[in-house]
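**Student:** any chance you can model this:
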Amino acid sequence: MARIVTKFKYLKSDRKQSAGGYAKYIATREGVEKIDSSQVFAPASVKQQELIDKLLTDFPDAANSLEYQDYTAKKTIGTASEFISRTIEDNSYEISGRETYAKYIATRPRAEKFGRHGLFTDKGVPVNLSVVQRELNEHQGNIWTAIISLRREDAERLDYNNGARWRDMLRSKTIEMAKNMKINIKNLRWYAAFHNESHHPHVHLIIYSVNPEEGYLTEKGIENLRSAFAREIFAQDLVSIYSKQTESRDKLRADSKSIVTEIVSQINSGDYDNPTVENLLRQLSDKLSRVSGKKQYGYLKAEVKDLVDNIIIELSKDERIANLYDIWYGQREEVLRTYTDTLPERIPLVDNDTFKPIKNHVITEALKIKSGSLYDEDFDSSADSTVSVLETVPEEPMVDTESADFDELDKRVFTNRSWWTKEYKQARRYLYGNKKVKPDFKKAMELLLLEAEKGNGFAMHDLAKMYLDGLGVPNDESGAEEYFAKALRAFLNKLPSEKKPAYMQYRIGKMYQQGYGTEQNYTEAASWFQKSVDLGNQYAAYSLASLYYYGNGVEQDYHRAFELYRFAAEKGNAYAQYQLAQMLNEGIGTVKNVSSAREWYRKAYNGFLAIERNMADDKLYYRLGQMNHNGIGTEVNLDNARLYFEMADKLKNTNAAFGLGKLYLREDYSGYNPLKAVDYLEKAANANNSYAQFLLGKLYLQGDIIGQDSDLALKYLTASAENVNVGAMYYLGKELLLGENLTKDVSQGFDWLVKAMDSGNQYAKFLLAKEYLSGDNIPRYSDIAVQLLEELSAENFEYAEYQLGKLYYQGEEVPQDINRAIYHLEKAFAVGNEYAAYQLGKIYLNDIHDTDKAVFYLKAAAEEDNPYAQYQLGKLYLYGNGVEKNVELAYEYLIESAKNGNPYALQLLNSHSKGRGASVAMCSMSLLHHLSRIIQNQIEQNRRRRKVKTDRKTRQKIDDKKFGLGLH
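**Tutor:** So this is what the prediction gives:
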């Protein structure tokens, strides 16, 4: 049953109107509406039934109305009255004439008023009812009327229960009205009124051209307008139809995307043995060899076209293709059902214009047969999917870049004994605790207050930390800031009297670095650290290294950071040893050296253990827990990890709660407990731990462990991103932009991806580059894409190298440059990218014609089980093209390629072993694959409704980004 009913009619200029027996009804419409509510469910009266029979005789199309459907379902006084009223209203122009009709729809009861009446039109155009009446009465051309009606429940659900919403919808369809009614947009005039009926809210529409000779509405035009109105009104529902995510849909609709993927996967993973198609392809190839003109379907003779059509008919007989076509048709019919009950008869695939491109592809494949070339698919598209698998999104906090307070009071560097008193040392023991003394914040506070009153700057600093962290006292940022300011003044006042000022310079630098007692100023901090480093202070070296690593206050310089970390590490600084190990392990600022990194991690772990024996520090406990959890610097020991995390958690370390959450999610942990994990993660998330928020968001989105909940996923991912978790920014941006797991929001997705990119996330930059290339979700700007990829290339991002190599080789987005293509592909190959190796092999084989180099690169890719490189090598050795023919070796490569999922290798093996023409067999498979892809793409386009229209806000952001990149 149609969910929207539309009725189009027109009034000829020479028509003589006759009110007949209905004029009085219209004149007294308001009185007729008044029905005794107690009688609405009683059977329809005899007079009502007689009037209904007359109405159906005079206006037979009234039987298509929603009101008549209600009446036939239950013949009551109420439904009869609704049908009678609506039918006479819909046909009132037949009774009362043009002028009266306009006035009637504008002023009748329940017509929603826009000023003094209910008539409205285009934005900015005033509506004077008397003027409109006169224009209509004097118009010499045709005037069309339309009525668009909804059921009350749909109107309420879709917010079409008010005139403003209908007005905005009709205004958005002005171009469609003009186009389908063959009226110049400048000459188009339309007026409408919304009637908020109890059962079926509807709108009356009057359309005409100021040029009496203009305007023509065909059945096709009516169908197009019905479709346009329905698509706009039911936009929310249509998204559900296309995406197949609405739970109320049946299984086929709900699972259509996975079904399509599975069908295409079946087609792509097997061979295709169809002698009929192969024979038809041979005939077509022979015919085409004698065609002198354009070898395109539209230019061919009828007998050649018949061959092409017969090949498609044979292909469409394949059960898998038939299933895909059935799904496509089901989607199309689902949309049609929103505005019509009569579905058009299905047409065969071969006659469907939507899939017409396959015909020219048949011709292309047939032309290959004469040349004897084997089908050579652009296989490396699968490389893109590998990127998402290998995305490195940080899922846990980096261990603190600032070392714990133990280094701030190292007795070896502290020279002014006046602050290092017995009372102060005891206060520190109470504050941090150790193996013998448990932390006692109350006693620590008492002693520190006494020391601070004596002018002890270190005590002032520690008091500030207690107020800041809420240790023994409520959190008090203003109190903390007051003591930090006192501490900084004390440090600066003490500095001139220091014989060895390096340590005090370091402490002052840290105050500026952290913004304690002063405005945060990284440049000032770097200056103080450098003075201290010049005097040999390891702690200043560690802190200055961190500034260079992140580019805070100084120009980012990984090599300088590495040298400073090494200086501090060699002096025994465990924190520097850890950072040094990380840089060696990842090859940042130095040559990658995993074995050396492992040794420095071991030294760092032992150093942390030594520190832990003398003090209880939550950050240190967390770090030790993390190292035991991940097996860094020591063997994996999950029980030790739990103990350290729990000790840190007791000291209110939110990272520790996150660590415990991750620990209880490990299936290899004896205490595996997802519910307990979620409790800890929520504890950390509620304390604003962005990593816990990020992990919870992913868990709720994926639904494998704790059940899927997209609302909670969005909540936690957004919270994490807003807490400046760059990984969450990227992940959330990707999910919103692509709309695969979260409700699609291109504007928000784009915004988060830009933020992630600007924060240094390479995968965000790479995804944006791909989106600018494809134009699937945002406007297509290949110039921005190439610039972003070049920036990533400068950062040695291997997938950008590979992508640039492809672009320069294909020469579509940028001028073809084989040398630049090779340059970028070799950079990707140097870091082990198998797809780059495969692409290099193809370039040297087909463009440079250097078989030796081609074989070298193809073998490198084949050793990584790249099925397409194995396929290429199999072909080379099977036919002896540039290499010594070796059928046995060829079969080895082809068998491995087939095992790794390449259907073309299987097809080639089968055709060769049976002695059949390999070229024809490969072409037949190519056609099957191509046809399946075309149908799959059409299904996906239907699912997305149409290519995304980027909203003004997003487009402005994109334009701003172009300007920032110098591409305006």
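**Student:** three-state assignment of Ile935?
**Tutor:** Taking DSSP: H, G, I helix; E, B strand; the rest coil as the rule, one finds Ile935 in the helix state.
**Student:** let me see the domain layout of this protein.
**Tutor:** 4-233, 412-615 (automatic domain parsing).
**Student:** tell me where this structure has strands.
**Tutor:** Using DSSP state E, the strands assigned to the chain run over residues 4-11, 143-150, 188-195, 202-209.
**Student:** circling back: dump the domains of the chain to a markdown table, plus mean pLDDT, distance to Lys875 and mean neighbour count.
**Tutor:** All C-beta spots, glycine's among them, are computed from the backbone N, C-alpha and C. Below are the domains of the chain laid out as a markdown table (pLDDT from 0 to 100; distance: least, Cβ to Cβ, whole Å; neighbours: other Cβ atoms under 10 Å):
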| stretch | mean pLDDT | distance to Lys875 | mean neighbour count |
| --- | --- | --- | --- |
| domain 4-233 | 73 | 49 | 17 |
| domain 412-615 | 91 | 37 | 19 |
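**Student:** so which of those is nearest Ala719?
**Tutor:** domain 412-615 (20.4 Å; Cβ to Cβ).
**Student:** re earlier: adding distance to Tyr329, write the domains of the chain out as CSV.
**Tutor:** Formatted as CSV, those follow (distance: least, Cβ to Cβ, whole Å):
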stretch, distance to Tyr329
domain 4-233, 16
domain 412-615, 53
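**Student:** so which of those comes closest to Tyr669?
**Tutor:** Per Cβ to Cβ, nearest to Tyr669 of the domains of the chain: domain 412-615, 20.4 Å.
**Student:** and that closest one, how far out from the chain middle?
**Tutor:** Chain-centre distance of domain 412-615: 42 Å, with Cα atoms, centre = their mean, to the nearest Å.
**Student:** residue contacts, His461?
**Tutor:** 408, 483-484, 487, 507, 516 (Cβ atoms under 8 Å, 6 or more residues apart in numbering).
**Student:** hmm, 7 Å instead?
**Tutor:** 484, 487 (Cβ atoms under 7 Å, 6 or more residues apart in numbering).
**Student:** for the one 5 residues further on, same thing?
**Tutor:** With Cβ under 7 Å, 6+ apart as the criterion, the residues that contact Met466 are 441, 445, 472-473.
**Student:** let's go with 10 Å and repeat that
**Tutor:** Applying Cβ atoms under 10 Å, 6 or more residues apart in numbering to Met466 gives the contacts 431, 441, 444-445, 448, 472-473, 475-476, 479-480, 483.
**Student:** now Val308
**Tutor:** 280, 284, 287-288, 297, 300, 350, 358-363, 366.
**Student:** Serialize those residues to JSON lines and add fields for neighbour count.
**Tutor:** Conversion of these to JSON lines gives the following (neighbours: other Cβ atoms under 10 Å):
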{"residue": "Leu280", "neighbour count": "24"}
{"residue": "Leu284", "neighbour count": "24"}
{"residue": "Lys287", "neighbour count": "16"}
{"residue": "Leu288", "neighbour count": "18"}
{"residue": "Tyr297", "neighbour count": "18"}
{"residue": "Leu300", "neighbour count": "21"}
{"residue": "Val350", "neighbour count": "18"}
{"residue": "Ile358", "neighbour count": "22"}
{"residue": "Lys359", "neighbour count": "19"}
{"residue": "Asn360", "neighbour count": "14"}
{"residue": "His361", "neighbour count": "17"}
{"residue": "Val362", "neighbour count": "26"}
{"residue": "Ile363", "neighbour count": "21"}
{"residue": "Ala366", "neighbour count": "27"}
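**Student:** of the contacts of Met466, which is the nearest to Glu570?
**Tutor:** Leu431 (30.2 Å).
**Student:** now do the closest one against Leu651, distance only.
**Tutor:** Separation of Leu431 from Leu651 (Cβ to Cβ, to the nearest Å): 11 Å.
**Student:** what sits in contact with each of those two?
**Tutor:** Taking Cβ under 10 Å, 6+ apart as the criterion, Leu431 and Leu651 both touch 439, 471, 616-617.
**Student:** now, these that are in helices?
**Tutor:** Within the shared contacts of Leu431 and Leu651, no residue falls in helices by DSSP state H.
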